[in-house]
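In: no sequence for this one, just the structure:
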C-alpha cells in the first residue's frame, strides 16, 4: 500500500460513522497518551501523599542551596527584606465608647506595653530574638524549609511582666515519620500533625531532640526518639497551603531546586574550563626524551595543568589536547535564561535575584517592581493574619490577666481592644519626581487619601502629622523660613504674598446683604 493509499484509509477510518454501542471517547488533548506523551506518567495522589515522600529531601536540598548558592541566598534575603524588613509596625486602634474618635490614653498604654514586651529578652524564650527578628526568621524558614512552628509558652521569661514567650521550632522536630491513629483520641495523625475529622489540627507531635543534632548527644535521650504531644492552641504552624487538605508545607525552592543545582554545576565547569585553558602553555617532544635531573622524575606523566609550565614528553609519546575554548558570548545569555526561570518559581523578580539591571529601563523596571510588590503585599497580609494578630491577641489576654494593662470591661468586650493596625514596610519610588506628582494629583482628585499614600510607603499618617506640626512650630520659633512650608514660601523659594481679606476682588458678606436689601 502506498503512502497516499494509507492516508486515505486512515482518513476513511477517522470519518467513518461510529457503530451503535461503541461511542468514541472525547478527551482533552493534554490527557491523551501517545508516543509523544507515553513517558509522562502521573498519578492521582493527595497533597499529603506527595509531600510525605519528598518533605525531608526538599527541605535538606533547599538548605544546602542556601548555604552554597549565591542566588538562593539572595532569593531568601529578598523575601525577608521585602516582607518584613526591619519589622511590621504596630498601632492600637481602640475607640472611645462614645463617638468615633480613638482613645489616645488606652492606645498609648497598649502600644507602650507591647513595645516593651517585644524586646528580645522578654518575647523570645531563649532571650535572643526581638519580635521583629522572630518575624524575619519565620518568613525565611517558611521559604527555605516550607514551614516553621512557633509555640506560645505562657510563662515569664527574662523577668517580663507579661507571662508569654515565643519558641521558634524548626520543622525537623515535627515528626514526619509518625502516621496513624493517635492513642486515646482516635484522631488521625499525618506526618506528626494530629487532626480531627474536619482536618483541623488538634495537636502536634514533636521529637524531644532534633534528628540532625547528632554531634551534641544528650544523656537522657536514647536511640529511640521520644515524642511530646503539644495542643494545637499553643502552636502557630506557618506554611502556605497549595492544595486543599494539605497538612505540611513545602519549600518554596521546590520547583527551582533542580535548576539551581544544574546551574551550579555548569558554572563550576565553566570556571574549570577557563582555568585549564589559561593555565596550559605547551608540550615539548625530543628524540632523546626528557633529561633526568634533580627535580625531574623518570616516568613522570602529564596529569595536571599549571600556569606558565612547559611539559617534556618521553620518546614516542604524543599528547592530543582538546579545544577548551567555548563559543563566545554563550555563558551570559544562558545564565540569564536560567535565573529568569528561577525567579519565576521563587516569586522574586529577575533584577532582584541577580542584581543585573543591564537589560531594563525605567518602564520595565517599574512594571517589574509593581508586579513583585503585589506579591510582597500578599505575603505581608498572610504573615500578619497568621502570626502577628494571633500573638497579639494571646499577649493582650495575658497582659490584662497579669495586671500590666487596665482595660475597662475587657472580659465583656475583648474585641474592642483587639482593633490593631499593622504597618508593614513600604517601598520607595522608581522615579520620585514623577510618582510624587502622580500621588499629589490623586489626592487632589479624591482618588486617594493622605493616609493611603503614607501607608504605601510604610509610614503612619498620625505620626507624620504630629512630627510635621512639631517641626513647623520649631521653625517658626527660630524664625526660619523654608520652602517646604506652603504657608510661608512657594515651591520656587519666593516668599508667599500675604493677602489681606479686603484686597480680594470679592464682595463682602455685608455688601451682599446691602445689595439684597436694595433690590428688595
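Out: Cool, the structure landed. Keep in mind it's a predicted model, so treat the numbers as computed, not measured.

In: Ignoring the adjacent residues along the chain, who's closest to residue 482?
Out: Nearest non-adjacent residue to residue 482, counting by C-beta to C-beta, 6 or more residues apart in numbering: residue 475, 6.3 Å away. Placement of C-beta: from N, CA and C, glycine included.

In: per-residue confidence averaged over the helix or strand where that neighbour lies?
Out: In the assignment (DSSP states H and E), residue 475 maps to helix 461-478. Over the span of helix 461-478, the pLDDT mean works out to 83.

In: Show me what it is packed against.
Out: Under the contact criterion of 3 or more C-beta pairs under 8 Å, 6 or more residues apart in numbering; DSSP states H and E, helix 461-478 touches helix 450-456.

In: Now with 10 Å, please.
Out: If you count contacts as 3 or more C-beta pairs under 10 Å, 6 or more residues apart in numbering; DSSP states H and E, helix 461-478 packs onto strand 89-92, helix 450-456.

In: What residues of it count as buried?
Out: The neighbour-count check on helix 461-478 (16 or more other C-beta atoms under 10 Å) flags nothing as buried.

In: can you check stretch 51-62 too?
Out: By neighbour count with 16+ other C-beta under 10 Å, stretch 51-62 contains the buried residues 51, 52, 55, 58, 59, 61, 62.

In: Help me confirm that residue 342 is found in a helix?
Out: Yes - checked against DSSP: H, G, I helix; E, B strand; the rest coil, residue 342 lies within a helix.

In: and it, what is it in contact with?
Out: Residues near residue 342 by C-beta atoms under 10 Å, 6 or more residues apart in numbering: 69, 71-72, 75, 253, 255-257, 259-260, 263, 348, 350, 353-354.

In: and stretch 178-195, how far apart are its ends?
Out: Length of stretch 178-195, first residue to last, C-alpha to C-alpha, to the nearest Å: 13 Å.

In: And the contacts of that stretch?
Out: 46, 48-49, 51-52, 55, 149, 171, 173-177, 196-197, 199-207, 225, 227, 229-232, 235, 237, 245-248.

In: picking up where we left off before, from the contacts of residue 342, which land in helices?
Out: 71, 72, 75, 257, 259, 260, 263, 350, 353, 354 (DSSP state H).

In: what's the nearest residue to the last one if we skip its chain neighbours?
Out: Okay, so that is residue 354. Nearest one to residue 354, counting by C-beta to C-beta, 6+ apart, is residue 339 at 5.0 Å.

In: same thing with the fourth one?
Out: Using C-beta to C-beta, 6+ apart and skipping the chain neighbours, the partner closest in space to residue 257 is residue 61 (5.3 Å).

In: Check whether residue 150 sits in a helix, strand or coil.
Out: strand.

In: Could you measure from it over to residue 193?
Out: Counting by C-beta to C-beta, to the nearest Å, the gap from residue 150 to residue 193 is 15 Å.

In: which ones are touching residue 243?
Out: 46, 47, 48, 50, 51, 250.

In: so what pLDDT did it get?
Out: 94.

In: quick check, it in a helix?
Out: No - counting by three-state DSSP, residue 243 is not part of a helix but coil.

In: what residues are up against the spatially most central residue of the chain?
Out: The centroid of the chain falls nearest to residue 79 when counting by C-alpha atoms, centre = their mean (3.2 Å). Neighbouring residues of residue 79 by C-beta under 10 Å, 6+ apart: 136, 139-140, 142-144, 252, 346-348, 352, 375-376, 379.

In: thinking again about what came up before, out of the contacts of residue 342, flag the one nearest to residue 421.
Out: residue 348 (27.8 Å; C-beta to C-beta).

In: Report the contact partners of that closest one.
Out: Residue 348 sits in contact with 71, 74-79, 82, 143, 252, 256, 339, 342, 354, 372, 375-376, where contact means C-beta under 10 Å, 6+ apart.

In: of the residues you listed, buried ones?
Out: For those, buried by 16+ other C-beta under 10 Å: 71, 74-76, 78-79, 82, 143, 252, 256, 339, 342, 354, 372, 376.

In: start to end distance for stretch 83-91?
Out: Where stretch 83-91 begins and where it ends lie 18 Å apart, using C-alpha to C-alpha.

In: what is the rounded mean pLDDT of that stretch?
Out: The model assigns stretch 83-91 a mean pLDDT of 92.

In: Tell me the buried residues in that stretch?
Out: Buried-residue list, stretch 83-91, by 16+ other C-beta under 10 Å: 83, 84, 85, 87, 88, 89, 90, 91.

In: rewinding a little: residue 150 and residue 193: which has the busier surroundings?
Out: Remark: of residue 150 and residue 193, residue 193 carries more neighbours, 26 against 22, as counted by other C-beta atoms under 10 Å.

In: Return the distance of the residue nearest to that one when sequence neighbours are not counted relative to residue 373.
Out: Nearest non-adjacent residue to residue 193, counting by C-beta to C-beta, 6+ apart: residue 247, 5.0 Å away. According to C-beta to C-beta, residue 247 stands 31 Å off from residue 373.

In: So for the two, which sits in the more crowded spot?
Out: residue 247 (23 against 16).

In: I'd like to know which elements the helix or strand hosting residue 206 is packed against.
Out: Assigned by DSSP H and E, residue 206 falls within strand 201-207. For strand 201-207, the elements it packs on are strand 148-153, strand 188-190, strand 193-195, strand 227-231, strand 235-238, judged by 3+ C-beta pairs under 10 Å, 6+ apart.

In: Mean confidence (pLDDT) on the first one, please.
Out: Strand 148-153 comes out with an average pLDDT of 98.

In: Can you name the residues in contact with the helix or strand following it?
Out: Scanning forward in sequence from strand 148-153 by DSSP H and E, the next helix or strand is strand 165-169. By C-beta under 10 Å, 6+ apart, the surrounding residues in contact with strand 165-169 are 117, 122-129, 131, 133-134, 137-138, 141, 148-158, 204, 206, 210, 230, 234-237, 387, 391, 394-395.
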